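**Q** This is a predicted model, with the sequence first.
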Amino acid sequence: MHRSLALLCATLCALAFAACASTVSTTGFSGAKRSVAQTVANLQSDATAGDQKKVCANDLAAATVARLGGVKGCESAVKSQLAEVDSLEVTVQSIQLAKGETAATAQVKSIHQGKSRLSSLALVKEGGKWKISGVG
């Protein structure tokens, strides 16, 4: 559970969720890559709104939610982490699709206190939709 909470915290920090965060742009991507970028944008939007229910139900992979203790554990962890995250700006730099387009990696650039940081987000396709499964 502790590792999963750290994973969630890293994911949220990498995506820079806060009330004044900017919207993740999906321009420049097409097809499946655009869908992956949209998932990152949706996660940021849901977290910016402070809607931990949507984050757990719509944005995170089922395995990630399970590692956080199920729906209630996930919602509690997300709520806690959202209260701790600073305001940052985020840009999706690149997206790599795995063969078969059932997994993807998004390179995300964030700037916090004037410092640039690259993070990798792992995504999986569940039920025809992309979901965030972790940070690499």
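**A** The structure has been received and is ready for your questions. Here the structure is a predicted model, which is why all the values come from computation and not from measurement.
**Q** What does Val65 show for phi and psi?
**A** phi -60, psi -40 (degrees, to the nearest 10).
**Q** Can you tell me how far it is from Gln107?
**A** 24 Å (C-beta to C-beta, to the nearest Å). C-beta: built from backbone N, CA, C; applies to glycine.
**Q** do the same with Arg117
**A** Going from Arg117 to Gln107 by C-beta to C-beta gives 11 Å.
**Q** Give the other helices and strands that the longest strand along the chain contacts.
**A** Assignment by DSSP state E gives strand 115-126 as the longest strand of the chain. Judged by 3 or more C-beta pairs under 8 Å, 6 or more residues apart in numbering; DSSP states H and E, the packing partners of strand 115-126 are helix 2-15, helix 31-48, strand 103-112, strand 129-135.
**Q** Out of these, which gets the lowest mean score?
**A** Lowest mean pLDDT within the helices and strands packed on strand 115-126: helix 2-15, a mean of 55.
**Q** So between Val65 and Gln107, which is more surrounded?
**A** Remark: of Val65 and Gln107, Val65 carries more neighbours, 23 against 15, as counted by other C-beta atoms under 10 Å.
**Q** Was I right to think that one contacts Lys72?
**A** No: using C-beta atoms under 8 Å, Val65 is not in contact with Lys72; the gap is 10.0 Å.
**Q** what are the pairing partners of the helix or strand harbouring Val92, and which direction each?
**A** Val92 is part of strand 89-97, with elements assigned from DSSP states H and E. In its sheet, strand 89-97 lies beside strand 103-112 (antiparallel), with partners assigned from DSSP bridges.
**Q** Distance from the chain centre to the partner strand, please.
**A** Centroid separation for strand 103-112 versus its chain: 9 Å, with C-alpha atoms, centre = their mean, to the nearest Å.
**Q** likewise stretch 40-52?
**A** For stretch 40-52, the separation from the chain centroid amounts to 9 Å (computed by C-alpha atoms, centre = their mean).
**Q** got the buried residues for it?
**A** Within stretch 40-52, the residues that qualify as buried are 40-48, 51-52, counting by 16 or more other C-beta atoms under 10 Å.
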